[in-house]
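Participant: Predicted model, plus sequence, below.
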Amino acid sequence: MRPHLAAMAFLAAGIALVIFAVVNALLLYTAGVPKTTLNVTLPVLGQQVTAKISGVPDPYTLGVNAVRGILLLAIGLIGGKLIDTGLAEYRERRKEEAWRRYYEEYGYQYQQY
């Protein structure tokens, strides 16, 4: 059972990372973006014109959420790769175990004849 420990560790870490990324992505998706008012001052025909634009999503929050989304995507992809590595390791260990049992059985039968 000991050889399968590494495979199970990879699987557990990968599953934990994917679950973390999915849950946080759902929370990020359902979170509301605060609205703000932008004050814009423009020179028009030699005069300063000030305009207030209200109901605009906060640009700082949008930028932070975009970076958060990219990081969650990276975490999810790393978790998926760990799952893939763990499954490959598990398959390889099972295959080696099956070959070992086969050769032990075949060697025993060959010695009888």
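Facilitator: Noted; the coordinates are in hand.

Participant: Spell out which helix or strand contains the most centrally placed residue in the chain, please.
Facilitator: Among the residues of the chain, the one closest to the centroid is Gly76, at 0.8 Å (CA atoms, centre = their mean). Using DSSP states H and E, Gly76 sits in helix 59-112.

Participant: what is the rounded mean pLDDT of that helix?
Facilitator: Mean pLDDT, helix 59-112: 88.

Participant: now for that helix, which elements pack on it?
Facilitator: Contact partners of helix 59-112 among helices and strands, from 3 or more CB pairs under 8 Å, 6 or more residues apart in numbering; DSSP states H and E: helix 4-30. Just so you know, the C-beta spots here come from the backbone N, C-alpha and C atoms, and that holds for glycine as well.

Participant: What are the buried residues along the helix it packs on?
Facilitator: For helix 4-30, a neighbour-count test (16 or more other CB atoms under 10 Å) marks 7, 10-11, 13-14, 17-18, 21, 24-25 as buried.

Participant: Kindly report the same for stretch 77-84.
Facilitator: For stretch 77-84, using 16+ other CB under 10 Å, the buried residues are 79, 82-83.

Participant: go on, stretch 49-60?
Facilitator: For stretch 49-60, a neighbour-count test (16+ other CB under 10 Å) marks nothing as buried.

Participant: now it, how far from the centre of its chain.
Facilitator: Centroid displacement of stretch 49-60 relative to its chain, using CA atoms, centre = their mean, to the nearest Å, is 34 Å.

Participant: what's it in contact with?
Facilitator: The contact list for stretch 49-60, computed with CB atoms under 8 Å, 6 or more residues apart in numbering, reads 33-43.

Participant: one more time with 6 Å
Facilitator: 33-42 (CB atoms under 6 Å, 6 or more residues apart in numbering).

Participant: Nearest to Arg100 among those residues?
Facilitator: Distance to Arg100, by CB to CB, is smallest for Val33 among the contacts of stretch 49-60, at 58.1 Å.

Participant: For the buried residues of stretch 77-84, could you give me TSV that also reports distance to Arg100?
Facilitator: Below are the buried residues of stretch 77-84 laid out as TSV (distance: CB to CB, whole Å):
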residue	distance to Arg100
Gly79	31
Leu82	27
Ile83	26
